[in-house]
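Q: Just the structure for this:
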Amino acid sequence: MGAVDPRSKDDYFEAGMALLADGGVHAVTIARLCSALGVTKGSFYHHFRGVDDYKTHLLGHWSVETERQVLRAAGAVSDPMERLDVLREAGITLHHEAEVAIRAWSRTDPAAWKVREKVDAARERTVADAYSEVGVPVDVAQLLGRLGVAVLVGAQHRSEVTDRAALREMYVRLHEMTMATFVSPVSAVRPS
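A: Okay, the predicted model is just below:
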């Protein structure tokens, strides 16, 4: 009977996200994962049936963790104005470089496309719901949800490493323009 792998599946997923960020989906190999984690191939096979099984689980993990992060951020505060701030910061702290690789992967893999599409739709919905709660018309709030994801994707692809300060600035400006156009100053005031 072989030794038990001290690494968890989460360790493998973390290593996989780093490999994605560094070299795209083709960099995610059993040999590279094992090397990054300092484990044997047998340890890898303790958790996964092969590289395709691993990649399926990696996408699922990314989707679940991303959704969990959005739900935590959205559920952390009841005030929708504060929630928009929390969601903005959550978006800024994403693993952008790995997400760029996931987006590229999704262009050639229908399963990756479905997962990525689901994640983006959840992000759009969460932002739209918060804007709707602060008084932005529903159709505009939905557009803002789509714009929020479009800004995210654009910022992720502007350079090799996402400029988080520039992303924050774009989100803040978009929010300020929205508030000035669609929400009266009295309703936008946050309680003390």
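Q: now for the one helix or strand Asp52 maps to, which elements pack on it?
A: Remark: Asp52 resides in helix 51-75, with elements defined by DSSP states H and E. Here helix 51-75 touches helix 9-23, helix 30-37, helix 80-92, helix 96-106, helix 110-133, going by 3 or more CB pairs under 8 Å, 6 or more residues apart in numbering; DSSP states H and E. No exception for glycine: its C-beta is placed from N, CA and C like everyone else's.
Q: closest one to Thr162 among the ones you listed?
A: Of all the helices and strands packed on helix 51-75, the one in closest proximity to Thr162, counting by CB to CB, is helix 96-106 (3.6 Å).
Q: what does that closest one rub up against?
A: Outside of helix 96-106, the residues within contact range by CB atoms under 8 Å, 6 or more residues apart in numbering are 17-18, 20-25, 59, 62, 112-113, 115-117, 153, 155-157, 160-162, 164.
Q: From those, list just the buried residues.
A: Buried by 16 or more other CB atoms under 10 Å: 17-18, 20-21, 25, 59, 62, 112, 115-116, 155-156, 162, out of the contacts of helix 96-106.
Q: List just the nearest of those to His95.
A: Looking at the buried ones among the contacts of helix 96-106 and their distance to His95, the nearest is Met17, at 5.6 Å (CB to CB).
Q: and the residue nearest to the closest one when sequence neighbours are not counted, how many neighbours does it have?
A: Distances taken as CB to CB, 6 or more residues apart in numbering place Ala98 nearest to Met17, at 4.3 Å, with adjacent residues excluded. Residue crowding around Ala98 was assessed by other CB atoms under 10 Å; the count is 20.
Q: Check Ala98 and give its pLDDT.
A: Ala98 carries a pLDDT score of 96 in this model.
Q: Could you do Val186 as well?
A: Val186 is assigned 52 on the pLDDT scale.
Q: Tell me where the model's unsure across the chain.
A: For the chain, applying pLDDT under 70 flags the ranges 1-5, 185-192.
Q: show me the contacts for the residue nearest the centre of it.
A: Centroid-nearest residue in the chain: Thr66, 4.8 Å away (criterion: CA atoms, centre = their mean). Contact analysis of Thr66 by CB under 8 Å, 6+ apart lists Leu94, Val119, Ala122, Arg123.
Q: still on that earlier bit, gap between the helix holding Asp52 and the chain center?
A: When C-alpha coordinates are averaged (CA atoms, centre = their mean, to the nearest Å), helix 51-75 and its chain have centres 8 Å apart.
Q: Same check on stretch 31-45?
A: Computed by CA atoms, centre = their mean, the chain-centroid distance of stretch 31-45 equals 26 Å.
Q: quick one: contacts of that stretch?
A: So stretch 31-45 is contacted by Gly2, Asp5, Arg7, Asp11, Tyr12, Ala15, Gly16, Ala18, Leu19, Ile30, Tyr54 (CB under 8 Å, 6+ apart).
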